[in-house]
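Engineer: Mind folding the following:
(2 chains)
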Amino acid sequence: MNNGHVPHIVLVDDEEMVLTSIRAFLSLETDYDVATYSNPAEAVRHLTSRPVDVVVTDYLMPQMTGLDLLRKAKEAQPSAARILLTGHADKQSAIQAINEVGLYQYLEKPWDNAQLLLVINSAIERTRLLRLLEDKVLALDAAHGQIKEAQRRLIKAFL
Amino acid sequence: MEELAAQIEALREELAETNKKLNEAYRLIALGRLVAGVVHEINNPIGSIVSNNEVSLRALDALKQRLEEARAAGEPPPQKALDMVATLSSLAGVDRIACDRISAVVRSLKTFARPGEDSVRSISLNDLLRDTAKLVDCQYRRRITLELQLGELPEVECHPHLLSQVFLNIMVNAAQAIENEGKITVVSRLIPPDEVEVAISDTGKGIAPEHRARIFQAGFTTKPMGVGTGLGLALSRKIVERTHGGSIWFESEPGRGTTFYIRLPLKAPRPAPDENAPEDTGRRSD
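Structural biologist: This next block holds a predicted model:
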């Protein structure tokens, strides 16, 4: 999106039809790099191997719940935005997701393409800003270290 | 004396009516328990169809424009246009699957959605089992494998509405008896010359020996409040034995699972069912 960075989205749902539909929609509307997984364990492997901007996952899946997947996503890539897209309209799971995995958005199926795109776009922007902030903090830390070092040398030179 | 007989008859009718309402209420409770699964089952295909339709319309517009531009320039269709055709074709395939899935769920629901219908009809018992299993599968398929082993059966004269309620009740019980992952197997077979048998097995926790004698009694349940009504098996037994002249029993091994057997005559007994007498005892409950 910025500086030639193509946002990378990971989409997880045990239903191939959902993956096909959303992938087709995103490929028509955006230039995002979209990886889709019907097996959450494979999605976790992906999350531990390359940087991801946004993870969108279903909640009820046979091998692993969306909540468990997002927990692992948070461990592997804390700055990637986490979105739950679920047909399981359960307030308890929504609250748990928000509290436990720092959910960015909770969307219900059947989804609305315009809303989904809006949420994904703002999630990408959030991830970008978060990473920018991380870089600035690192740069500040480094600058702070340099100042301390210069200060130490100055004191040494005068004493 | 005549007055007393009339009073008894009025009471019998009232009791029959109450029983009918009880049946109806239980049917709705059983169905209500599956609503979350049905909603989930339908949400994905609906989401896909709506999304695909929107994408298809926009892609067709873009496709038309690109093809017209190529034609005006006397060039072959651009690669992007060919990609769009491939995408549209895959979306049409998804729509077909999605529609089939919604149709299957709606057909299964229709089996239950005719309140008050209790007429005798000749039907395919295997179709009834398939429709019922579909509903149960919607709710539990993420943790339970449901296998159907349906033998070749002639049509069975029965009250389809009531029997589907029996099958639904036993399959849901089976699913609830499985704590984590497991399997439910539904087997149907002909018992010559004039009976059919349905066996519904689960790999659940089994029925404790001390509960077996009471399992068919109205009001008896081992499930938590809000999960079990204690009416399911009592009503099921009444429907199988009194309404259809069949039999229902079970075999269970704690820790390994339970199998419920339902045996029915091919022809419904005459006269029409007696809806009275709600009491139950565990006659064939091991």
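
Engineer: what's the helix or strand residue A:67 falls within packed up against?
Structural biologist: Using DSSP states H and E, residue A:67 sits within helix A:66-76. Other elements packing on helix A:66-76 under the criterion 3 or more C-beta pairs under 8 Å, 6 or more residues apart in numbering or on different chains; DSSP states H and E are helix A:40-47, strand A:54-57, strand A:81-86, helix A:91-101. C-betas here are computed from N, CA, C, even on glycine.

Engineer: Parallel or antiparallel, list what pairs with the third one.
Structural biologist: The reference is to strand A:81-86. strand A:54-57 (parallel), strand A:105-108 (parallel) (DSSP bridges).

Engineer: and among those, the most buried is which?
Structural biologist: strand A:54-57 (a mean of 27; mean count of other C-beta atoms under 10 Å in any protein chain shown).

Engineer: Let me know the pLDDT of the residue lying closest to residue B:142 once chain neighbours are set aside.
Structural biologist: Once flanking residues are discounted, residue B:142 sits nearest to residue A:62: 4.7 Å by C-beta to C-beta, 6 or more residues apart in numbering or on different chains. pLDDT recorded at residue A:62 is 81.

Engineer: Confirm for me that residue A:62 is in contact with residue B:140.
Structural biologist: No. With contact defined as C-beta atoms under 8 Å, residue A:62 does not count as touching residue B:140 (11.0 Å).

Engineer: ok, these two, which is more surrounded?
Structural biologist: Taking other C-beta atoms under 10 Å in any protein chain shown, residue A:62 and residue B:140 do not tie; residue B:140 has more neighbours (21 against 14).

Engineer: The more buried one and chain A, how far apart?
Structural biologist: 11 Å (C-beta to the nearest C-beta, to the nearest Å).

Engineer: same question, residue B:251
Structural biologist: Per C-beta to the nearest C-beta, residue B:251 is found 29 Å from chain A.

Engineer: neighbours of residue A:83, just the number please.
Structural biologist: Neighbour tally, residue A:83, other C-beta under 10 Å: 22.

Engineer: tell me the contacts of residue 33?
Structural biologist: I went with chain A, as the question did not name one. A:6, A:7, A:8, A:9 (C-beta atoms under 8 Å, 6 or more residues apart in numbering or on different chains).

Engineer: To clarify, I was referring to chain B.
Structural biologist: B:139, B:172.

Engineer: Next, give phi and psi for it.
Structural biologist: phi -70, psi -20 (degrees, to the nearest 10).

Engineer: Check the secondary structure at residue B:122 for me.
Structural biologist: Under the three-state scheme (DSSP: H, G, I helix; E, B strand; the rest coil), residue B:122 adopts strand.

Engineer: For it, give the beta-bridge partners.
Structural biologist: residue B:157.

Engineer: And it, how close does it get to residue B:268?
Structural biologist: 9 Å (C-beta to C-beta, to the nearest Å).

Engineer: Nearest residue to residue B:59 in space, please, no chain neighbours.
Structural biologist: Residue B:59 sits nearest to residue B:84 (C-beta to C-beta, 6+ apart), 4.9 Å away.

Engineer: can I assume the residue nearest to residue B:142 sits in a helix?
Structural biologist: No. Residue A:62: not assigned to a helix; according to three-state DSSP it is coil.
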